[in-house]
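Colleague: Compute the structure for the input listed below.
(one chain, ligands or ions: 2)
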Amino acid sequence: MAETIKDILKEIHAGRIGESGLVRLLSLPTHDEFQPVFDESARICRKHFGDRVYVRGIVEFSNYCRKGCLYCGINKANRRVGRYRLTLEEIFNAAAFMKKQGVLTVVLQSGEDPGSDALVLDAVRRIKGELKMAVTLSVGERDSGGYREFLRAGADRYLLRIESTDPKLFKKLHPDDDLEYRTQCLYSLKKLGYEVGTGIMVGLPDQSLESIARDMLFFRELNPAMVGIGPFLPHQDTPLRGRKNSDIFLTLKTLALIRLLLPKSNLPATTAMGTIDPTGRQQALKIGANVIMPNFTPSKYRESYKLYDDKICVSEEYGKCASCTRGIARAAGKCIVRSKGYSKSK
Ligand code: 5AD
Ligand code: FES
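Modeller: Ligands and ions are numbered 1, 2, ... in the order given. Alright, predicted model coming up:
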């Protein structure tokens, strides 16, 4: 078996890996068996990033959403969540606060809320103009004209997860979306010149290992600057309530393989990994992740931005996530750097 894993790793490095090799590795049942892959993904990560971890502060500025994604706690059908939208001042103050803490990249995230576009444009201009930070947007699908406007305002990066490239699964989970259109959005973001981030949830109901393997081949094709993945976690007020939690092991296996397929990409240790396992983000940083994203959403809104149950950082004191993430990096034998962390994968 050890020999076959080595062979498959060689195939990956030679750029020849296909779906079946990836499925073979994803289906390895124990940590011990998968360990050679973790060793290799950790080595590749160190080769390109040393012990450096980039930090991106996230501000969840609006939970209004026009879509009804089945897994998501802020989907439009959830009447139990109080809707909020931060003011320009609140967004700017959160960015200024993170800069003081040495965090030089801000991620502005929201539900898909085009009603916020004017606010987003103002926020991007002001943060770029006065704070000179790198700005990432994570606000969903727009036409390329919309993406161009954000770019002209100064946005540097854009995160839009594909969630799953499995046509059937995508359709079932996203009654308002079209997989082809989502894919087009990603290519148009890239063409416009954004550093593009995409990603998936791992362990979705009815998601096969083959489907995760194909997602990974899609990443290799798109070659994004960042790939954010996290375990699926059910939310009690969504149609997927009561479904089984994903598991951290499968998520880590997927992360390690993405590191091998896209050696220089930015791979975050995500909040969902920290939710499913208290040491999830640490483990991720040890086996190939090189980014962490502390939460800088003003405390009073955090309860209303729960995409899944038991999300961590919700009742933490404001500013705590910055020091907490430094501790997580240290525990993983790494160090958070004061850098905008522009992509190496171009
Ligand atoms: N479990 C895990 N991740 C989720 N996301 C949304 N809902 C859930 C959930 N129930 C992820 C999606 C989205 C990102 C912002 O959060 O992948 O793109
Ligand atoms: Fe938020 Fe640890 S990162 S409390």
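
Colleague: rest of the way, CA atoms for contacts and neighbours
Modeller: Fine.

Colleague: Would you mind naming what in the stretch 1-150 of the chain lies close to ligand 1?
Modeller: For the stretch 1-150 of the chain, the contact set with ligand 1 under CA under 6 Å from any ligand atom comprises 71-72.

Colleague: Residue of the stretch 1-150 of the chain nearest ligand 2, please.
Modeller: residue 57 (10.3 Å; CA to the nearest ligand atom).

Colleague: tell me the contacts of that residue?
Modeller: Neighbouring residues of residue 57 by CA atoms under 8 Å, 6 or more residues apart in numbering: 95, 98, 103-107, 293-296.

Colleague: ok, which stretches of the stretch 151-300 of the chain are strands?
Modeller: 157-159, 195-198, 201-202, 226-227, 230-231, 268-269, 291-292 (DSSP state E, counting those that start in this stretch).

Colleague: What about the residue of the stretch 1-150 of the chain at minimum distance from ligand 1, how many residues nearby?
Modeller: Proximity of the stretch 1-150 of the chain to ligand 1 (CA to the nearest ligand atom) peaks at residue 72, 3.8 Å away. Using other CA atoms under 10 Å, residue 72 has 26 neighbouring residues.

Colleague: and what of residue 315?
Modeller: 11.

Colleague: what's it in contact with, if anything?
Modeller: 299, 302-303.

Colleague: Tabulate the residues you listed (a markdown table), appending distance to ligand 2, pLDDT and neighbour count.
Modeller: Rendered in a markdown table, the data for the contacts of residue 315 read as follows (distance: CA to the nearest ligand atom, whole Å; pLDDT from 0 to 100; neighbours: other CA atoms under 10 Å):
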| residue | distance to ligand 2 | pLDDT | neighbour count |
| --- | --- | --- | --- |
| 299 | 11 | 96 | 15 |
| 302 | 11 | 98 | 21 |
| 303 | 13 | 97 | 14 |
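
Colleague: Rebuild the residues you listed as a markdown table, extending it with distance to ligand 1.
Modeller: Converted to a markdown table, the contacts of residue 315 look like this (distance: CA to the nearest ligand atom, whole Å):
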| residue | distance to ligand 1 |
| --- | --- |
| 299 | 18 |
| 302 | 14 |
| 303 | 14 |
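
Colleague: For the contacts of residue 57, please prepare a markdown table with the additional fields pLDDT and distance to ligand 2.
Modeller: A markdown table is the format used below for these (pLDDT from 0 to 100; distance: CA to the nearest ligand atom, whole Å):
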| residue | pLDDT | distance to ligand 2 |
| --- | --- | --- |
| 95 | 98 | 16 |
| 98 | 97 | 13 |
| 103 | 96 | 14 |
| 104 | 96 | 17 |
| 105 | 97 | 16 |
| 106 | 98 | 15 |
| 107 | 98 | 15 |
| 293 | 98 | 8 |
| 294 | 98 | 5 |
| 295 | 98 | 6 |
| 296 | 98 | 9 |
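
Colleague: Filter these down to just the buried residues.
Modeller: Using 16 or more other CA atoms under 10 Å as the burial test, those include 95, 98, 103-107, 293-296 as buried.

Colleague: still on that earlier bit, and the residue of the stretch 1-150 of the chain closest to ligand 2, what are its phi and psi?
Modeller: phi -80, psi 130 (degrees, to the nearest 10).

Colleague: do residue 308 as well
Modeller: Note on residue 308: backbone dihedrals following degrees, to the nearest 10 are phi -150, psi 160.

Colleague: count of residues packed around the residue nearest to it when sequence neighbours are not counted?
Modeller: Nearest residue to residue 308 in three dimensions, chain neighbours excluded: residue 235, at 4.4 Å (CA to CA, 6 or more residues apart in numbering). Residues lying near residue 235 (other CA under 10 Å) number 22.

Colleague: Wait, residue 235 touches residue 305, no?
Modeller: No - the criterion here is CA atoms under 8 Å, and residue 235 misses it with residue 305 at 11.6 Å.

Colleague: Report how many residues lie close to the closest residue to residue 266 other than its chain neighbours.
Modeller: Leaving aside its sequence neighbours, residue 266 sits nearest to residue 226 (CA to CA, 6+ apart; 4.4 Å). By the criterion of other CA under 10 Å, residue 226 has 24 neighbours.

Colleague: quick one: low-confidence ranges for the stretch 201-346 of the chain?
Modeller: 346 (pLDDT under 70).

Colleague: redo that, cut-off 50
Modeller: By pLDDT under 50, the stretch 201-346 of the chain has no low-scoring segment.

Colleague: Check it for the residue nearest ligand 2 and tell me.
Modeller: Counting by CA to the nearest ligand atom, the stretch 201-346 of the chain gets nearest to ligand 2 through residue 321 (3.6 Å).

Colleague: Could you check how far that residue is from residue 103?
Modeller: According to CA to CA, to the nearest Å, residue 321 and residue 103 sit 11 Å apart.

Colleague: Format the strands of the stretch 151-300 of the chain as a markdown table; extra columns: distance to ligand 1.
Modeller: Output for those, formatted as a markdown table (distance: least, CA to the nearest ligand atom, whole Å):
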| stretch | distance to ligand 1 |
| --- | --- |
| strand 157-159 | 8 |
| strand 195-198 | 8 |
| strand 201-202 | 5 |
| strand 226-227 | 11 |
| strand 230-231 | 6 |
| strand 268-269 | 12 |
| strand 291-292 | 14 |
